[in-house]
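K.L.:
no sequence on hand, only this structure:
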C-alpha cells in the first residue's frame with residue numbers, strides 16, 4: 001500500500017475513533033447521518049459483490065482451462081430496490097473458528113435479509129470493498145438478528161473474522177471498539193422488532209429487483 005493511502009486510512013480511523021468515543025454521550029438516536037451511512041454502505045456492498053463476481057469468473061475460467069467442468073456456487077448479497085436491505089442468495093455464508101477459538105461455526109442461511117446496521121460506519125469507511133469483508137459484516141448482522149449467541153460473542157466473532165481476512169490491526173481495533181461501545185442500540189432494536197413480529201427469512205426471492213423491502217415483506221407468503 002502506498003504511503004499516501006496508508007496516511008488516508010489512518011486519518012479515517014482516527015476521525016472515526018473521535019466519533020466513536022463521543023457517541024455514547026449523544027445517545028443512540030444521534031449516532032450519525034443515516035442517509036450518508038446508507039450511501040457508503042451501498043457503495044461498499046456494490047463494489048464488493050462486483051469484485052467477488054470478478055474473482056469467481058476468473059476462477060471458473062481457470063477451471064475450464066484445466067478441463068474441469070464443475071461450476072462455482074457463490075453466495076452473494078442482492079439488494080432490494082431501496083438499497084437499505086439485502087438478501088443472501090446462492091448458498092449460505094459460513095464462518096468457522098480457527099484452532100484454539102472456543103466458538104461454534106456460524107452459518108448464515110440463504111434467504112436471510114439484512115440491513116447491516118449492526119456494523120458501524122467506520123467499517124464502510126476504512127476497509128476495501130471486498131467480498132470477504134462483506135461476508136464478515138453479514139455474519140455479525142445475522143448474529144445480532146438471531147441473538148442465538150451473546151452480544152459479546154457476536155462482536156468477538158466479527159473481530160476474529162476480520163483477523164482471518166487480514167484486516168490491519170488498527171482498523172480491526174477501531175471496528176471492534178465501535179461495535180463494543182455502540183452495538184447495544186442495534187441489538188435492542190432487533191430484539192424489539194422481532195418481538196413485534198418482524199421476520200427476516202425469505203420464502204420467495206423477488207423477480208422484480210426494483211421492489212423495496214417494506215413492500216416485499218408485506219406480501220403474504222414471501223417470508224418464513
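P.N.:
All right, it came through fine. The structure displayed is predicted, hence computed values, not measured ones.
K.L.:
where does the nearest residue to residue 179 once chain neighbours are set aside land in three-state SS?
P.N.:
Once flanking residues are discounted, residue 179 sits nearest to residue 155: 4.8 Å by C-beta to C-beta, 6 or more residues apart in numbering. C-beta coordinates here come from the backbone N, C-alpha and C atoms, glycine included. At residue 155 the chain is in helix, as set by DSSP: H, G, I helix; E, B strand; the rest coil.
K.L.:
go on, the one 5 residues further on?
P.N.:
In the three-state summary, residue 160 is assigned as helix, counting by three-state DSSP.
K.L.:
distance of the residue most central in space within the chain from residue 127?
P.N.:
Residue closest to the mean C-alpha point of the chain, counted by C-alpha atoms, centre = their mean, is residue 137 at 2.5 Å. From residue 137 across to residue 127, the span is 9 Å (C-beta to C-beta, to the nearest Å).
K.L.:
about what we covered before: which ones are touching the residue nearest to the centre of the chain?
P.N.:
116, 119, 123, 158 (C-beta atoms under 8 Å, 6 or more residues apart in numbering).
K.L.:
pLDDT score assigned to the last one?
P.N.:
Read it as residue 158. The score at residue 158 is 95. That number is its pLDDT.
K.L.:
so the nearest residue in space to it that is not next to it in sequence, which of the three states?
P.N.:
In space, and not counting its chain neighbours, residue 158 is closest to residue 140: 4.1 Å by C-beta to C-beta, 6+ apart. Classification of residue 140 using three-state DSSP returns helix.
K.L.:
can you report how many residues lie near the residue nearest to residue 179?
P.N.:
23 (other C-beta atoms under 10 Å).
K.L.:
same check, this time on residue 213
P.N.:
That count, for residue 213 with other C-beta under 10 Å as the rule, works out to 20.
K.L.:
same thing with the one 5 residues further on?
P.N.:
Residue 218 is flanked by 9 other residues according to other C-beta under 10 Å.
K.L.:
cool, and residue 184?
P.N.:
13.
K.L.:
for this protein, what spans make up the helices?
P.N.:
Remark: helices assigned in the chain by DSSP state H are 3-22, 34-65, 121-126, 131-146, 151-164, 169-195, 213-217.
K.L.:
looking at those, which is buried most?
P.N.:
helix 131-146 (a mean of 24; mean count of other C-beta atoms under 10 Å).
K.L.:
thought residue 125 was touching residue 41?
P.N.:
No. Look at residue 125 against residue 41 with C-beta atoms under 8 Å: they stay out of range, at 10.2 Å.
K.L.:
name the helix or strand of the chain that has the lowest mean pLDDT.
P.N.:
helix 3-22 (a mean of 52; mean pLDDT, DSSP states H and E).
K.L.:
dump the residue contacts of residue 223.
P.N.:
So residue 223 contacts 199, 200, 201, 202, 203, 217 (C-beta under 8 Å, 6+ apart).
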